[in-house]
Structures are given as structure tokens and as C-alpha cells.
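>>> sequence below, structure please.
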Amino acid sequence: MTRFRAIRIEKTDAGQSASYVDLDDSALMDGDVDVDVLFSGLNFKDGAAVTGARPVVRRFPMIPGVDFSGRVSASRHPAFSAGDLVVAGGCGLGEAHFGGFAQKARLPADWLSPLPAGLSPARAMALGTAGVTAAFCVMALERFGLAPERGSVVVTGAAGGVGSVAVALLAQAGWRVVAVTGRAEEADYLRSLGASDIIDRAELAAVGKPLQSQQFAAGVDAVGGATLVNILARIQFDGAVAACGNAQSMEFPGSVAPFILRGVSLLGIESVTPRIALRHAAWERLARDIAPAVLDSLTETIPFSAALARAQEIVGGRVRGRIVIDVGGDSA
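Reported below is the predicted structural model:
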């Protein structure tokens, strides 16, 4: 048996707790591919799982981490061989199936994607589930028929993981990007990613009129709540918003007015279900459109031993861009 280090979340009558533990292969869940985890990403959902701030975990005990990159150590499926570099994300990892906050993982082959050409395992996790979700949003707006010539696009939670990648992807595609953030000190960072204008999130934090001045052709929303309602109220005729998050709230305290009076559409973005063909397309888009220098500028790499502490910060909204966890290089 191979022993490895992991973060494990447990629940007792006294509440939920997370700690570092030593495990062996017998603790891994079912799957036909074994992976030596090299890097994972720290996402808002991971922070919520570790801290118990949101009901993310669906079974206990659980190893959190909704994404990881790594090297196949053993495969019982013809699609993968030992030595292959792979990425995984969503698919219930860190929620119902042991995730990436461990030095070993075992999972079904159809939850894995080959590491795209041109991406290192570390840079893949600088994108991670946040990047895939951002790509899903951009691709959804494009399938809807929206293009930069229609006007500007607004991105909420722009300094976070999904928002940062969305800003960079949309700017690369030729959009004029309006970034929404509550951290004025991040304005230069957002402009470096391609944002043209910055809006203070306080302007959108409380529900306003059902219909407001038409400012944007499209939107990417990672926040939910009143912010999403206000964004919809400012979308132009026949525009759309891709909604993928709930950092502010799961509630929708809004009106049907934008939908029935301006033909605005709300595009729901779900990033947990495997849908592996769509994931492959998203990874290829990210590898093609996000320049390494841009990716590095939005990334901080931390040792595995720091993951629990940083999970507290991401829930508190004190994290910029993407945090990559060096799982394989640190014994925690």
C-alpha cells in the first residue's frame, strides 16, 4: 500500500472539522484510473467545503478539492496509460467523491481530460474549475449569438478566480470588458487582464429598479443575489447573462421585467456534471486563448501545508485571481 497525505473533512455531533491526515490506497474511492496528484486549485467552493460556510459536502468523511492535475500511476481503462498527464474537475469531486486535496486520487476515466498541449500541470490548475467555468460562460454567450460588435460585456466578481479568467477570455475575444469588484486596489490588475472599465460592486449590491439604463450587451455573473438582478436590469434588448455563481447569495430578489420587456435571457452555467466533450472543448479554448504571462499574473502558488489557512481567506473574499496548491511537492 502507498501512503499519502490528504486533507479530510469530518462531521460529528459537535460539528464539522478539517485536518491533515495520512492515508493509504485502501482509503480511495472507486474508479478505474489512479493519479498521483501534482497540483490542485483553491476555489470558493473548496473554501466553503472546508469551513462549512455552505452545504457543499454531500457525504462524510470527504477529501475536498474540486479540481486537480496529475500523472496517471495506474489505469484499468484503455483511454489512459501510466505516465499520462491529466486534469480533472467538477463531477462531484470534493463533494461526493474524494477530490484533489490529496496526493493520490482514484476516479472514473470519463471524469478525466488529457492535459492540453502547451499547458503545464501547474498552469492547468491556475485555470482549473474556475477557468473551465469561465470558458463555459463565454462559450454559452457565443452559442447564444452574442459578439463584441453588440456592445460591452460586464463581469461580476471580476477579481476572483472565475471572474479573472472570464475577463481575460472575453478581452482576448475582442470584447470591451467592464469589471465589477469591491476592491478598488485591484483596478490595475483587472486592466492588465484586459478590462476597459471598473465598476464598484457597491453600486450593484442592493436591488434597484426592475429596468435600468441599458449598458451591456452581455454579462458573466459569479455573484448572484441583488448583483445579478441589477445586471439583468442593465442588459440591452436581446442580450444575455451567463450565471455561474452565488458568492453574494443564492436568492434571486428580482423581476421578470428584463425577460418579458427586453427579451433578456439568463443562461445557467453548470460545471459539475461530467459532459466530457464540453470539458475537452473548454480546456482547448483556455490553452489557446490565455497567454502564459496573463495566466502567471493572476496566479499565486502555495504549499499544501497552507491550504487550510487560505481556504478561510477565500470564503471571506480576500483572495485575488487563482491560488494553485502544490500538492505533490509538499508533505503538509
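>>> C-alpha only now, for contacts and for neighbours.
Will do.
>>> can you name the helix or strand that the residue most central in space within the chain falls in?
Ranked by distance to the mean C-alpha position of the chain (C-alpha atoms, centre = their mean), the top residue is residue 130 at 1.9 Å. Assigned by DSSP states H and E, residue 130 belongs to helix 121-144.
>>> again, but for residue 300
In this assignment (DSSP H and E), residue 300 forms part of strand 299-303.
>>> would you mind listing the buried residues in that strand?
The neighbour-count check on strand 299-303 (16 or more other C-alpha atoms under 10 Å) flags 299, 301, 302, 303 as buried.
>>> now do it: which elements does it pack against?
Strand 299-303 sits against strand 322-326, with contacts defined as 3 or more C-alpha pairs under 8 Å, 6 or more residues apart in numbering; DSSP states H and E.
>>> quick one: the strand it packs on to strand 299-303, angle?
Orientation check (axes from the mean of the first three to the mean of the last three C-alpha atoms, to 10 degrees): strand 322-326 against strand 299-303 gives 30 degrees.
>>> could you export the helix or strand containing residue 16 as CSV, CA atoms only?
Residue 16 is part of strand 15-24, with elements assigned from DSSP H and E. Once non-C-alpha atoms are left out, strand 15-24 reads as follows in CSV (Å, rounded to 0.1, in the frame of the first residue of the first chain):
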residue,chain,number,x,y,z
GLY,A,15,-19.9,20.0,14.1
GLN,A,16,-17.6,19.8,11.0
SER,A,17,-13.8,19.9,11.0
ALA,A,18,-11.0,19.6,8.5
SER,A,19,-7.5,18.4,9.2
TYR,A,20,-4.4,16.9,7.5
VAL,A,21,-4.3,13.1,7.7
ASP,A,22,-2.1,10.2,6.5
LEU,A,23,-4.0,7.6,4.4
ASP,A,24,-3.2,4.6,2.1
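>>> which SSE is immediately downstream of it?
strand 33-42.
>>> and the helix or strand following that next one, what other elements does it pack with?
On the C-terminal side of strand 33-42, the closest following helix or strand by DSSP H and E is helix 44-51. Helices and strands touching helix 44-51, by 3+ C-alpha pairs under 8 Å, 6+ apart, are strand 15-24, helix 307-315.
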